[in-house]
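# Sharing a sequence plus its predicted fold:
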Amino acid sequence: MKRAAILTLAVLFVLFVGAALAFAVFQPIKVLPRIRLAPGFAMTDQSGARLTNESLRGSIVVYNYIYTGCGQGCAKSMQTLGEVQSALAGLNTGGIPVKLVSIALDPANDTSPAMSAYAQAYQANPSVWRIATLTDTTLLKTIVGGGFEVYYQPKEDGSYALDQVFTLVDGWGIIRGEYRYSALTSDSDRILKHIGVLVEEVQKSVGAARLAYEAAHLFMCYAP
Amino acid sequence: MRKNLFLMIGVILAAALGLYLGFTFLRPYAFHGTVLQGSEPVKDFTLTSMHGQPVKLSDFQDKIVVLYFGYTFCPDVCPTTLSEIKKALALLGPAASEFQVIMITVDPERDTPAVLNEYMAQFDPGFLGLTGTVSEIQNIAAPFGVYFAKQADPSSAQYLMEHTASVLVINRKGALKLLWPYGTPAADMADDLRYLLRSN
């Protein structure tokens, strides 16, 4: 009897440790880290309409950071979002809206007409891709510098020192991806792949599967 | 031979029962709220309490802080949320003393310390209301994903505040750990708080 009990405990132990190890090693489910909360904001977009983080709740959002006088400095970043916008048309997101937001950092010059012209230059579809700014530069710095952790600084010649960054935010307003430089994979490919990972998590992380997804977060099974 | 067969069946049945019980009782806790994995402490801030004294977030390092951004003239969302938080703490019994509920007003124009004091006392004398300038509060709220703005109320000459209604939970290390969307029931909040307390 005693032998049977020991054997049972041993089997249980091996099963548990084996299952945990298998999950950690083989990572059957990939997720994106929940990095931190995206900042709250209320901005004005290229059409003069208000854009808030609350109005984006429920949508997956990709942000980049630009100013309309940026010229070639922001061209690559805008082209990348343009590629994402084009690819979204063929992406099955299961009804989860995906939006793009370019935050303009120079409110004195990034007026609605200037942002509108800028959006048109990059063929931004206003139902998907909005360019927005905020007149209170201190609050804008808190939101972009503090919340999104993107460095930017006005220079004496009127231009800006600006890090080229993309930020991926989920429907709960949590930052799930930060893309600070181009790696071997192009930024748009990586962003699109990660949008797919988020969509899959939203669709599949229900019922008992939610536990498996939470375990994937616990074991840091992060998508590359 | 027969004895060995019974033993094997017994082991298999016991293992199956053990697995069932293990997965039922030992499975990782799944929070009702959304978990944030960062361990960096949130930026400290100072505001004025409903008692007229300056208060820092770091003053509550020995507590788990339940943080909410609302206002006293709020018609429904804020009182409902604060009531649910109160119910959640009641479900925790004596362990409720391990938590500090803080509401930062998003309407400092009307929510003076005296107004906040009267309002918060209606829920729980231990709840703390904080106020400051609009700019101070905006700078504190934004990194928490909270937005607020005045909104005209067509039914009166007064105004309402449009604001993010999530509840945030900050652990003893000062890191933001949990986010409850508006409408999270008290029982779910209590479950999450109980687990946070155990894991702290």
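Structure received.

# Quick check: residue A:169 vs residue A:57, distance?
Distance, residue A:169 to residue A:57, by Cβ to Cβ, to the nearest Å: 10 Å. Yep, even glycine has a C-beta here, placed from its N, CA and C like the rest.

# between these two, which one's more packed in?
Per other Cβ atoms under 10 Å in any protein chain shown, whichever of residue A:169 and residue A:57 has more neighbours is residue A:169, with 27 against 17.

# bridging residues for the more buried one?
Beta-bridge pairing of residue A:169 under DSSP bridges involves residue A:61, residue A:175.

# just the helices in chain B please.
Secondary structure of chain B (DSSP state H): helices located at B:2-25, B:77-92, B:113-123, B:134-141, B:186-199.

# nearest to residue A:119, of those helices?
Judged by Cβ to Cβ, the one of the helices of chain B that comes nearest to residue A:119 is helix B:134-141, at 26.7 Å.

# pLDDT of the closest one, averaged?
In this model, helix B:134-141 has a mean pLDDT of 95.

# anything in it near chain A?
Yes: judged by Cβ under 8 Å from any Cβ of the partner chain, helix B:134-141 comes into contact with chain A at B:135, B:138, B:139, B:141.

# if I pick the last one, what's in contact with it?
Residues near residue B:141 by Cβ atoms under 8 Å, 6 or more residues apart in numbering or on different chains: A:40, B:69, B:104, B:106, B:147, B:148, B:164.

# Correct me if wrong: the third one contacts residue B:68.
By that I understand residue B:104. Yes: using Cβ atoms under 8 Å, residue B:104 makes contact with residue B:68 at a distance of 7.5 Å.

# The two: who's more crowded?
residue B:104 (27 against 21).

# Please determine how far that one is located from residue B:96.
Taken as Cβ to Cβ, the span from residue B:104 to residue B:96 is 21 Å.

# Now do residue B:105 against chain A, distance only.
Residue B:105 sits 15 Å away from chain A, going by Cβ to the nearest Cβ, to the nearest Å.

# In the sheet, which residues pair with that residue? Tell me.
As assigned using DSSP bridges, the partners bridged with residue B:105 are residue B:70.

# That one touches residue B:71, doesn't it?
Yes: assessed by Cβ under 8 Å, residue B:105 is found in contact with residue B:71 at 5.1 Å.

# Could you check which of the two is surrounded by more residues?
Between residue B:105 and residue B:71, residue B:105 has the larger neighbour count (other Cβ under 10 Å), namely 30 against 25.

# Would you check how far apart that one and residue A:191 are?
For residue B:105, the distance to residue A:191 - Cβ to Cβ - is 38 Å.

# so where is chain B shaky, pLDDT-wise?
Flagging of chain B using pLDDT under 70 yields the residue ranges B:1-2, B:11, B:14-16, B:18-28, B:157, B:200.

# Spatially central residue for it, please.
Geometric centre of chain B, nearest residue: residue B:66, 3.6 Å, by Cα atoms, centre = their mean.

# where's stretch A:201-212 relative to the chain centroid, distance-wise?
20 Å (Cα atoms, centre = their mean, to the nearest Å).

# How about that stretch and chain B, touching?
Yes: looking at stretch A:201-212 against chain B by Cβ under 8 Å from any Cβ, the contacts come from A:210, A:211.

# that older thread, can I get the buried part of the contacts of residue B:141 as one PyMOL selection?
To isolate the buried ones among the contacts of residue B:141 in PyMOL, judged by 16 or more other Cβ atoms under 10 Å in any protein chain shown, type:
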select buried, (chain A and resi 40) or (chain B and resi 69+104+106+147+148+164)
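
# nearest to residue B:6, of the contacts of residue B:141?
Distance ranking of these against residue B:6, using Cβ to Cβ, places residue B:164 first at 62.5 Å.

# Quick one: neighbours of the nearest residue to that closest one once chain neighbours are set aside, just the number.
Excluding the flanking residues, the one nearest residue B:164 by Cβ to Cβ, 6 or more residues apart in numbering or on different chains is residue B:146, at 4.2 Å. Residue B:146: 27 surrounding residues under other Cβ under 10 Å.

# Cheers, nothing more for now.
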